[in-house]
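Trainee: Quick one, fold the following:
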Amino acid sequence: MDSSSPLDLLGRQALVTGGARGLGAAICRRLAAAGARVLVADVRRDLAEGLCEDLTARGGQARHLDLDVRDPAQAADAFRTLDESGEELHVLVNCAAVDVTKSAEHLTADEVTRVVSTNLLGPMYLCLEAYRRMVARGGGHIVNILSTAANRTWTEAGPYAASKTGLRAFTHTLFKEAQRDCLGIGVTGVIAGGMETAFIMDRFPDADVSMLQSPDIVADTVMYALSVPGGSAVPEVVVVPRREPSWP
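Mentor: Here you go, the predicted model:
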């Protein structure tokens, strides 16, 4: 494994949603390199299992978790299974996200529901399961991947901006509750600008990649948030390309 990460997560377990590709996969690689056992949660089984095989071949520990974040029952079952096997979750990274690039005039109710359920309700379901267990254990860290759309929106991004704005508000609230409930719990929102990943390139194949950043940079930012000593906290961090058009 790449041992460049100064963070030692040996003996810790991390769950990353949307972990099969793009930013999620980059985060999984960083966590595995730091010694964590990684649960790659994604509905794209073939991609997730391929990533797990690659991480294992490099000396890491990873396995696929078939999880649709939009289903609260699946979230509860996943954590119940961990409980029954005596496994603890130390790090939760909510990265799964979708978007529909349409104006409000042409959006359907199903499209709005899919975006909000994936980007907002899904992370909330997982946070609820993880947070109460972290409080009981006395520690842990939750990272929610946000977007510049949580601060400044643009056309054809209504549901996406609404979902990321809502997740930012929930993340800030959870941070304040952790200050009250358990100082051993970290809660961080990572506002990420445009990245050269399938999330953008599949929809905008002609996008100017010079305006985008590598997902590895954002993954490094997640690792930084996890590495801050317990006496301090990183409630929110922003990482954008130098030429990011949607910030501030």
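Trainee: and the one helix or strand in the chain whose mean pLDDT sits lowest, how far out from the chain's middle?
Mentor: For the chain, using mean pLDDT, DSSP states H and E, the weakest element among its helices and strands is helix 198-201, scoring a mean of 87. The chain centroid and the centroid of helix 198-201 are separated by 16 Å under CA atoms, centre = their mean, to the nearest Å.
Trainee: after that helix, next one along is what?
Mentor: Downstream of helix 198-201, the first helix or strand assigned by DSSP states H and E is helix 215-227.
Trainee: what does the least confident helix or strand of the chain rub up against?
Mentor: 21, 22, 23, 97, 99, 194, 207, 212 (CB atoms under 8 Å, 6 or more residues apart in numbering). Using the backbone N, CA and C atoms, a C-beta is placed for each residue, glycine as well.
Trainee: Return the set of buried residues in that helix.
Mentor: Applying a neighbour-count criterion of 16 or more other CB atoms under 10 Å, the buried positions in helix 198-201 are 199, 200.
Trainee: if we can go back for a sec, most neighbours among the contacts of helix 198-201, please name it.
Mentor: Neighbour counts for the contacts of helix 198-201 peak at residue 23, which has 28 neighbours (criterion: other CB atoms under 10 Å).
Trainee: In a strand, that residue, correct?
Mentor: No - Residue 23 is assigned helix when assessed by DSSP: H, G, I helix; E, B strand; the rest coil, not a strand.
Trainee: all strands of this structure, in order?
Mentor: In chain order, the chain shows strands spanning 13-17, 37-41, 61-65, 91-94, 140-147, 185-192, 236-239, with DSSP state E as the criterion.
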